[in-house]
Structures are given as structure tokens and as C-alpha cells.
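**Student:** structure of the sequence below:
(2 chains, ligands or ions: 4)
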Amino acid sequence: MHDQEERILLGHGSGGRLSHDLIENIMVAAFANPALAELHDGARLGIGGTKLAFATDSYVVKPRFFPGGDIGKLAVCGTVNDLAMCGAAPLYLSAGFILEEGLPVDELRRIVASMSTMAQTAGVAIVTGDTKVVEKGAVDGIYINTAGIGALLPQADITAKRVKPDQVVIVSGYLGDHAIAVMGERHGLTLPQQIISDCAPLNKLIQTLLAAVPAVSMLRDPTRGGLATTLNEIAADAGVGILLDESAIPVRPEVQAVCELLGFDPLYLANEGKVVVFVEREYSKKVLTIMRQYPVSNAARIIGTVTAKPAGQVALRTTIGGLRLLDMLTGEQLPRIC
Amino acid sequence: MSDRGVRIQITGIVQGVGFRPFVYNLARQYGITGWVSNNATGVTIAAEGNPAALTGFVKDITRQAPPLAAIDSLTVKECRLQGYTDFQIRASVAGSVKTVLISPDVATCPRCREELLNPADRRYRYPFINCTDCGPRFTIIKDIPYDRPLTTMRNFAMCPACQAEYDNPADRRFHAQPNACPDCGPVYRLLDKAGTPVEAGQDVFDLAREQIAAGRILAIKGIGGYHLAVNARDQSAVARLRARKVREDKPFAVMAGSLAICKSQCAVSAVEEQLLTSPARPIVLLTKNEGYNLADSIAPGNPCLGVMLPYAPAHILLLAPANMWVMTSGNVSDEPIAYQDEDALARLGAIADYFLVHNREIYCRADDSVVRVVFNKPYYLRRSRGYVPAPVSLARELPSVLAVGGELKNTFCLTRGRQAFLSAHIGDLENMPTYQSYVAAIAHLQKLLAIEPQVVACDQHPEYLSTKFAQETGLPIVSVQHHHAHIAAVMAEHQLTGPVIGLAFDGTGYGPDGALWGGEFLVADLREYRRAGHLAYLPLPGGAQAVRQPWRIAVCLLKELYGESFLDHALPLTAQLPANWQLVVTAAEKKINTPRASGAGRLFDAAAALLGIRQSIHYEGQAAIELEMAAQGRVGRILAYDLTAVAGTWILDFKPVFAGLCQAMEQGAAVPQLAADFHTTLAAAACELTRKISKATGIKEIVLSGGVFQNMTLLTQVIRMLAQHKLVPYLHRQTPPNDGGLALGQAVIAGERSR
Ligand SMILES: [Fe+3]
Ligand SMILES: [Mg+2]
Ligand SMILES: [Zn+2]
Ligand SMILES: [Zn+2]
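**Tutor:** Ligands and ions are numbered 1, 2, ... in the order given. You can find the predicted model right below:
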């Protein structure tokens, strides 16, 4: 029945079920090793007596400039945040550029300047790099890869295994800003109100947080696939259920409005400056107090709790009292209504 | 002539329907000795007697079988004489092969009703009265064989009087598993919303009726779950129920205290009366008559009303003959119906003022079934209590299949040999409790029917939770195109093997080209299909949002018809556009989250929006339903449409129809006329396209399925037009045309492909 040759679909990159299966079945299967097996945002390594985190990410965002950021800012923040999510203090980054023939050099200058500013803000140094130019059409303007090394914070132990029933789920702020800002710019949409990407480094917040509250069990930045996908991954890895309270989930009214117009669910939209924190309920006040001191997380809120059952599933208590299953999507959102 | 001995094996619905006492009495009439016993495959009879008596005995088993029995097969084998001296009913044998059929739940029979209302009877006003001809079955059975210890009656030890009836083969309650009386059986109690008992015993019903009369909302535990009830004549009580249930305008069903009071509100044909009073007691969709005087908000603007008659003894005690009560499923919008007491109190506590509860556990939930009469035969809109788990008989034996169904209005289906068992209505799977009940119901029905599926069938939609469930079973998967499944369901019901021409008129279903299908003309058999024609694709800006907000499709159409200047046209839609509609149009043009759809349902949505009838919906199909109401059953004119063949596939484009509607509206035509025109044009166009396919293929059998064929104005016109051209239309007659029947089609296709 399925005699068609399997091919990569766009859905394989959307961060949902297809991406997940692709990585599991092809990459993880081929590269299998203990550090990779953790399937963290980055790998946690021991070199001699030093404990390090190591992460990489590639950036292909369209358009290259958008309200609140650009591809360079994203490339620094993304990898910095991946390291932070492992419970590490990011130290050094590499930067690899693939440039399309014809790219205005001025654009490249602006992007690199933005990377430099962001690296300073985050307190990391870009210490090595690579540049390739490919013929027109082989890439779209510029693609950037960054990799980073950070020192694991000694008091932190960030792993899904520590996520246990009755812990609370905290999100650092409003969801969906980045995805809508980028989409609006990409398609030249006139949005009812301007929406700005949340792209920001989270490492300083995370360092303070972990130093003060080592009980934090899990951290994750809800990027591709959004909050729903991130929580599904954690629920599956930890073998727990997660129950969210829709009325507590922060979404800006203007983002909500655009989502309703365009038919998107903000819970599945990418963020680039948000973190989800899991911690025992007794520490939640402390965590919130710290988070609210940082501009990147001053809208932090408890949005749900970890439950024993049903393992691996995420549910949303809706504003009218229903309980909606928040599934991990296979690819793009397609109506399921008949 | 000397005596002979035989072994008779009977399969079908033969347990829990008074079959053994019937055999016992018949054997005594014929002077036959031996025994009868239930086993896991049905009923076995050992019979000895003279050959003539035996022949008569066997014949009468089929001829005179009890009303609720349905014999599937009866085999007679010669065997050695044992010299039995009498005829006995033997205890059930728990066998390893479980192929017995379980009876659906049955409404209180006339004899039990009489006893219930007879002050001299020992079960006078006892709300759990039943006999082998009536009572709960499917909803109380935990496992088979169907015997009291394996039902939720196991906790009630029978008193000597009940036990005597139960043991006496001549008694109407012989082996009636739920047999009980006020001395030994379950009881009803009335609780306030905090769960504190207000009253118990015989008076609860009078008290409850007083509360309803006073405008209160009552949660009532019945056979398959909880109902929420209010006085149907009390406008403010109905409004309160709507507000608390968060259900804006989807019609409510009503229970009538008597057939007479029902007839004072609605027209009831002979077939409708038969259905209303049948043992299944479904909700029957009736047409309101001039006498209709119930609260407007029950079925606002709707010419039809769903009515059922009391089917549990408690209903008989609750509703006086003149009463009309709203009886809607006990849930908050979209949740599954509550059937467990604690859960009901927790979930319905914010809705109901009082709870009428009882202590006989409902093991398996079952919503009320909904039926309407089409061309003098039943047409199911929801097939659940009273019908499930009776099987659909297939044309031939298939490997055992689990078909997981769709996403909304889900039912699933299990097959065994030549039988397909469609589950009770499950609901919308995205709702977590519904999904959990779905998983549990699949396991339960598999156990009850002792089916170990070899194959799992699912929809092709990758995001259906049912599809994902299928992938987790680990069984070989057959994924079936949505509309092929719809067509195959009708074929299975009528034992057609095809090829047929299938008209699947639906909302949206996944098409293998990545678009959403739903206005499909398929040439299909039970294995394959060819898309011979379809409705032209329309953009759905915002995906599912476009289904909820029909104005989106309509505004895109207007822009295509008239360009930027469409706002200059004096149309109701242009005055009703919400803020920021331009962003939606832009998104459609830039193809942002804008899938293409050929769903017939979307044409109705577009027409309803263009005619200013409805721009946003509160329940599935609302715009189409209101468009049909506007047409008032009239036959309209046939407007111009486009039918062209593109690469061997017919495309039916309704853009000219929409242009015609807009033009007429600008010239001041009346909306009801235009709504009628739309229906008639769609029927005519569908018929023309069907004839073209029929001419090319020689196929005369036309199968109609999909949720859009719940529209009677369209359905009746399509059928008349097809018949005029000597084509033979086939409709759903045992399962719903909406996605509630999908799993049956999935099952037969997967079964045929795996043979
Ligand atoms: Fe359908
Ligand atoms: Mg990342
Ligand atoms: Zn009875
Ligand atoms: Zn008794």
C-alpha cells in the first residue's frame, strides 16, 4: 500500500511528531551514545573533572529581519538558551555562515553586529567560526549555525527523570509572540497591533534561579512546536501527565486576536525567549519571585501541575470547564472537524 | 416410531431475552425431554422425543421465538439417546469461545408497565421492574456469559420471592438477570446538589416532579447515563439550563409523558409512532404542528423537535401523561455523558439543582439514539442505546478488524465473521474524558465479543486521535480514505459489493492530495475507489476557524466574484463582516493556514453566510441547518453551475450559483426562495454529474453518505431526481450518514483488503 518512496516533508521540520520520529529513527539510531541518549537541548559531558554542556542549532528563519530581532540575534539566543536549559552557564560559541551569492554585504554586517551585541548581553564569546558561499538559489540569503559550550552549574540537575506528580509547571511569560511577529513580517501582513518577537537570552535568569532553587527539576524553552509540543515531550520522557489551566496561560490579547483570525493555536507557536520550569509546589513562590525580577520573565505564572496519570498525556482545563487533550501534532495543523 | 435424540445449537441474540423459558415451555408442549443451556456461543438444546414432535419443536423455535430474540443460525445434529425423563433448564456453561450476541437495552414492556402502575402488584411503583422481555442489558454487563454475577446486579441478592420467579421456568422472570423488587433490589434517592439525601423510597418521584414543576433543573440517572431535565413549557428554566450547560442554541430533546401529549405538539406518522414505541425507544425527530406550545428556546426556529417516550420505569413514574420535559444528556458541552455517580455530582453539580440517583451501577455508558423517518423507514442520526451492540450482517465473512472511526461523533467497529459491531456513540475524541472512555470502550467491547482483531483500520487523517490510537495498537494498519469509508458503510448495510457510484457529501475529510475532501463522487467497491468527480476546491482561511465562521469562505468568494469592489454590492454579508476581516482575506491570498476544501458542507456554509443567515456557528452544521430551515422544504429553481472535466475528473463548480444568488439578492429576491434555489441546484447538479458517471461506467447503483445527507431538503430531492432517471439510490438504514457510521465502512474495507 505504501510503495511510494519516503521523502522528507516540511512537517519533518515542524518540531512535532514527524520531527521527533525522524530524529529518533535516523539520527539517534545511528549516533547512539550515552550523552546523546539524554535527548536534552544539549549534551552534558564530563571532560576530566569539568562538567560541560554542549549544544548546536541552525537558523534559517525567513525573513532575516523581523520586529524584535533578526537571524543573528536568534542564532546567539537560541544556542545560549539551549545551554541554559541543560543547567549550564554558556561560555563560548562558534558561528558558521552559509551565504547565498548576491546577499547584500550590508545585511551581513547588520546581522553580525546583532550577534555581537547579543553575545555581549548574554556574556558569551564567539570564539571560532566558518563561512561558505553557495550559488544563488542554494540557500535563501543566509543560514547560520551556532554551537556552544557552557559549564554545568554544580547545584543543578535538570532532567525529565526528576519531574514528579504534584510539581507545578511555570512559564516565564506571554506565548506566541515570536511566531506571530515573524509570520507577520514574512507575509507582509498588516496586524491590528504590532507584535514583537520575544527573542532574548535567558542564561542570567536561569543561573540565578538554579543557584537559589536547586530543586528545579526541569527546564525547557518552548521553541518549535510551542508549549504543547514541549510539554508532550516532557510528559512522555518523565512518564507523567500534565494538567494545564487555560485561564492561567499568558497570551497577549493582540497575539490571541491574530491567532483567532489566522486560525492558529498559541500553544503550538514558537517562542524564542521563554522557559518552562518544573519545580515542587513548595518552591513555586520563590521561583516566581526570582523570575519576576527579570524583564524577560516578569510575567511568569503557574500554568499547571504534574499528575501521575494519564502518563505521557497533556490536558488543558478549558475556560468553560472542559478537559481538552493537547496532543503532539504530526506536522502542520489541519482541521479535524468533519 | 421410536424416539430420536438431537443436539440443537443456536446462535444470535438468544441470551437475556427469555429464550430458555420459551424453549422449556415449547418442549413441554411437544412432550420433549432433555435440557436447554446457555453457553458462550449461544444456546444448546438436547432434545429427545418422537420424530414428528421433534420436527415441530425445531420449527417452532424459529417461528415463535421471543420478541427480542434474533436467531442467526440454528443447527440440528443427531445424537445417541440418553433417556431423559423430563425437560430442564441447566446452568450456563462458561466456554472458551465467546460468540454469543448481547442484547441491547430494552424499554419497559407493556406487562411490566401494567404491574408498575397496579397498586395490588408487589412491584407497584418499583423503578427497577423488568422481565425477560425488557430491562437493561448492554449497559449493565461486565462480561459474558450474560448471568447475574457478571452484571452490575451482582451486589443485590434476590429475596425469596424474586428468587422463586428467577428459578421458575414458567415465570416471565425466569433467569431475568436484573430481576429485583422493593425488598431486595436497588433504590432511587433524591439528593441536593451537594450530594445530601433529601428523600429516598417511593416518594422521590413525586418530589422530583414537584421540583421540575417549580422550574428546577434535575439530574436523573437512567439506563445509559444521566439526563438533565427541566419542564419543557418553562421558558426561564430552559434558558437557565442552556446557560449552565454552556449550550447556546443546539436543539434539546424532549421526553413526552404520553404518546397523546406528543401528538398534541408534533405530527406523528404511523412509522414514527412505531419507532417512538419500539423497544429501543429512540429520540425521534418529528415535525412540530400548529399545537406546538413548548418553550421557544428548546429548538429555536427549528421545524423539528426530537421526542422520546419514557423507556425506564423511573421515567414512567416521573412524567405524568401530560408532562413534556427537556431531557438532554447529562454533560457540560462536548464532554461525555455522565454515568458514574461521583463523577455526575462533580461535573453536573454546577448545572443541576437536584440529583435523582440510584445504586445500580451503569457499567457501560450509552447515550439516547436519534432517528428520523425518511421515505417511511428509519434513518439514524445517532445509533446508541437500544441498538448497540446488535450487529450489522455483512455480505461475507471477513477477518476480525478493529476500525477506530473518525475524530468527531466517534464510534468504532469490531467485526467477527459476517457480523460488524458498531459501538455506542463515543463523541469528540479531543475531549480527554471522551478519549479515555473511547480507549476503555474498545477494550470492553473486544472482551464482551471475544474478538481479537487481526487488523486495525483508521482514517488517513494523520492528526485524528483515532489514527494515532490505531498506530499504537501494533497491529497491521489499513488506512482508509474518509469518504470511501462513508460509501462502504452504506454498501455494507445493503450487502452491496459494488462497484457503485458513491456520493459522499460531508464537511471535511482528509484527501490523499493533502486537501480536505467532502463533495465526492466516487466509483467504489469495498477495496478501492476512483475519484470520478468532486466539488471545486474552496479556500478555508484559518483552517478549522473557517468551519466555525462561514463568513470567511463567503468573503473570499465575493472577492473572487467581484474583485476589490465587492463591498459596493448591497449584500447582507458586507454589512455583517467582523473587525479585521481584511487580514483573513490577505491570509487566504497568501495561503497562510488556508487549506483547500471540496466539502459540500462548506457550500452550505458559504450560501448561509452570503444570504445573511449565519456568519458564525455555535454547533456543528448550524449554518447548513438554518439554511435548510430558511428553504422551508420548498423546491426551488435550478441556477446555473459549472460542470467541467479536468484530466478525466469532473469538477462541479458552484461559483456561478453564488454569483446568481448575490445578483438575485441585490434585486431584492426573498431569502427563503434563494435558500430553496440553492438546495435544488445542488441536488440537480449532483444528479447530472452522477448520470454522467453512470453513463460512462454503466453503474446504476448510487450510494449516498456523509453528514450533509442529514439535510432532508437535499436528500429527498436528490433521491427523487435519481429515481426519475432510473438510478437506484441506497441510503444508510442501520447506521448514521455522519461520522458515527464511518467505522463500519473502515472495517469492511480493511477486512476485504486483508482477506
Ligand atoms: Fe465525514
Ligand atoms: Mg533549540
Ligand atoms: Zn417486562
Ligand atoms: Zn425481591
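
**Student:** direction included, what does the longest strand along chain A pair up with?
**Tutor:** Longest strand in chain A, counting residues (DSSP state E): strand A:88-100. In the sheet, strand A:88-100 lines up against strand A:125-134 (parallel), strand A:142-152 (antiparallel) (DSSP bridges).

**Student:** okay, these, which one's buried deepest?
**Tutor:** strand A:142-152 (a mean of 22; mean count of other Cβ atoms under 10 Å in any protein chain shown). Bear in mind the C-beta positions are built from the backbone N, C-alpha and C, glycine included.

**Student:** restricting to C-alpha, output it in PDB.
**Tutor:** C-alpha atoms of strand A:142-152 as PDB (Å, rounded to 0.1, in the frame of the first residue of the first chain):
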ATOM      1  CA  ILE A 142      21.900  33.400   4.800                       C
ATOM      2  CA  TYR A 143      21.800  30.400   7.100                       C
ATOM      3  CA  ILE A 144      23.700  30.400  10.400                       C
ATOM      4  CA  ASN A 145      24.800  27.600  12.600                       C
ATOM      5  CA  THR A 146      26.000  28.200  16.100                       C
ATOM      6  CA  ALA A 147      27.400  25.700  18.700                       C
ATOM      7  CA  GLY A 148      28.100  26.500  22.200                       C
ATOM      8  CA  ILE A 149      29.900  25.300  25.300                       C
ATOM      9  CA  GLY A 150      28.900  26.000  28.900                       C
ATOM     10  CA  ALA A 151      29.900  25.000  32.400                       C
ATOM     11  CA  LEU A 152      27.200  22.900  34.100                       C
END
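
**Student:** separation between residue A:224 and ligand 1?
**Tutor:** From residue A:224 across to ligand 1, the span is 31 Å (Cβ to the ion, to the nearest Å).

**Student:** swap in residue B:497?
**Tutor:** 22 Å.

**Student:** ok, now which ones touch that residue?
**Tutor:** Contacts for residue B:497 (Cβ atoms under 8 Å, 6 or more residues apart in numbering or on different chains) come out as B:395, B:491, B:525, B:526.

**Student:** filter those down to just the ones in helices.
**Tutor:** In helices, defined here by DSSP state H, the members of the contacts of residue B:497 are residue B:491.

**Student:** return the closest of the contacts of residue B:497 with respect to ligand 3.
**Tutor:** residue B:395 (35.4 Å; Cβ to the ion).

**Student:** all helices of the stretch 151-300 of chain A, in order?
**Tutor:** Secondary structure of the stretch 151-300 of chain A (DSSP state H, counting those that start in this stretch): helices at A:177-187, A:203-212, A:226-238, A:253-262, A:284-292.

**Student:** thinking again about what came up before, is the longest strand of chain A anywhere near ligand 2?
**Tutor:** No - Strand A:88-100 lies out of reach of ligand 2 by Cβ under 5 Å from the ion, never closer than 12.9 Å.

**Student:** got the angle between that strand and helix A:203-212?
**Tutor:** Counting by axes from the mean of the first three to the mean of the last three Cα atoms, to 10 degrees, strand A:88-100 lies at 160 degrees to helix A:203-212.

**Student:** how about strand A:88-100, which residues are buried there?
**Tutor:** Across strand A:88-100, burial judged by 16 or more other Cβ atoms under 10 Å in any protein chain shown covers A:88, A:89, A:90, A:91, A:93, A:94, A:95, A:96, A:97, A:98, A:99, A:100.

**Student:** next, give me the two most distant ones among the residues you listed.
**Tutor:** Spanning the widest gap among the buried residues of strand A:88-100 are A:89 and A:100, at 34.8 Å by Cβ to Cβ.

**Student:** check contacts around the closest residue to residue A:197 other than its chain neighbours.
**Tutor:** If the residues on either side of it in the chain are set aside, residue A:197 comes closest to residue A:68, at 3.4 Å by Cβ to Cβ, 6 or more residues apart in numbering or on different chains. Contacts were defined as Cβ under 8 Å, 6+ apart; by that measure residue A:68 touches A:177, A:178, A:181, A:196, A:197, A:198, A:199.

**Student:** only the buried subset of these, as a ChimeraX command please.
**Tutor:** Applying 16+ other Cβ under 10 Å to the contacts of residue A:68 leaves a buried subset, and the ChimeraX line that selects it is:
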select /A:177,178,181,197,198,199
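
**Student:** where in chain B is the helix or strand with the lowest mean pLDDT?
**Tutor:** strand B:197-200 (a mean of 82; mean pLDDT, DSSP states H and E).

**Student:** need the residues of the stretch 251-400 of chain B near ligand 2, please.
**Tutor:** Close to ligand 2, as judged by Cβ under 5 Å from the ion, the stretch 251-400 of chain B has no residues.

**Student:** give the burial count for the residue of the stretch 251-400 of chain B found nearest ligand 3, as a bare number.
**Tutor:** Residue nearest to ligand 3 within the stretch 251-400 of chain B (Cβ to the ion): residue B:313, separated by 9.4 Å. Residue B:313 is flanked by 26 other residues according to other Cβ atoms under 10 Å in any protein chain shown.

**Student:** repeat for residue B:376
**Tutor:** 9.

**Student:** what's the closest of the contacts of residue B:497 to residue B:568?
**Tutor:** When the contacts of residue B:497 are compared against residue B:568 (criterion: Cβ to Cβ), the nearest one is residue B:491, at 49.8 Å.

**Student:** per-residue pLDDT, that closest one?
**Tutor:** pLDDT for residue B:491: 98.

**Student:** wait, it touches residue B:526, no?
**Tutor:** Yes - Residue B:491 is within contact range of residue B:526, at 6.2 Å (criterion: Cβ atoms under 8 Å).

**Student:** what do these two both touch?
**Tutor:** Counting by Cβ under 8 Å, 6+ apart, the common neighbours of residue B:491 and residue B:526 are B:497, B:498, B:748.

**Student:** centre of the chain to the lengthiest helix in chain B, how far?
**Tutor:** In chain B, with assignment by DSSP H, the single longest helix is helix B:671-697. In terms of Cα atoms, centre = their mean, to the nearest Å, the gap separating the centre of helix B:671-697 from the centre of its chain is 28 Å.

**Student:** now stretch B:60-69
**Tutor:** Worked out by Cα atoms, centre = their mean, stretch B:60-69 lies 27 Å from the chain centre.

**Student:** buried ones in it, by neighbour count?
**Tutor:** B:61, B:65, B:66, B:68, B:69.

**Student:** closest one to residue B:510 out of those residues, please.
**Tutor:** The closest of these, once distances to residue B:510 are taken by Cβ to Cβ, is residue B:68, at 40.2 Å.

**Student:** tell me the pLDDT at residue 28?
**Tutor:** Chain wasn't specified; assuming chain A. Residue A:28 carries a pLDDT value of 89.

**Student:** chain B is the one I meant
**Tutor:** 91.

**Student:** wait, is it part of a helix?
**Tutor:** Yes - assessed by DSSP: H, G, I helix; E, B strand; the rest coil, residue B:28 belongs to a helix.

**Student:** does residue B:12 sit in a helix, a strand or a coil?
**Tutor:** strand.

**Student:** for the helices of the stretch 151-300 of chain A, which one sits closest to residue A:139?
**Tutor:** With Cβ to Cβ as the measure, helix A:177-187 is the member of those nearest residue A:139 (16.4 Å).
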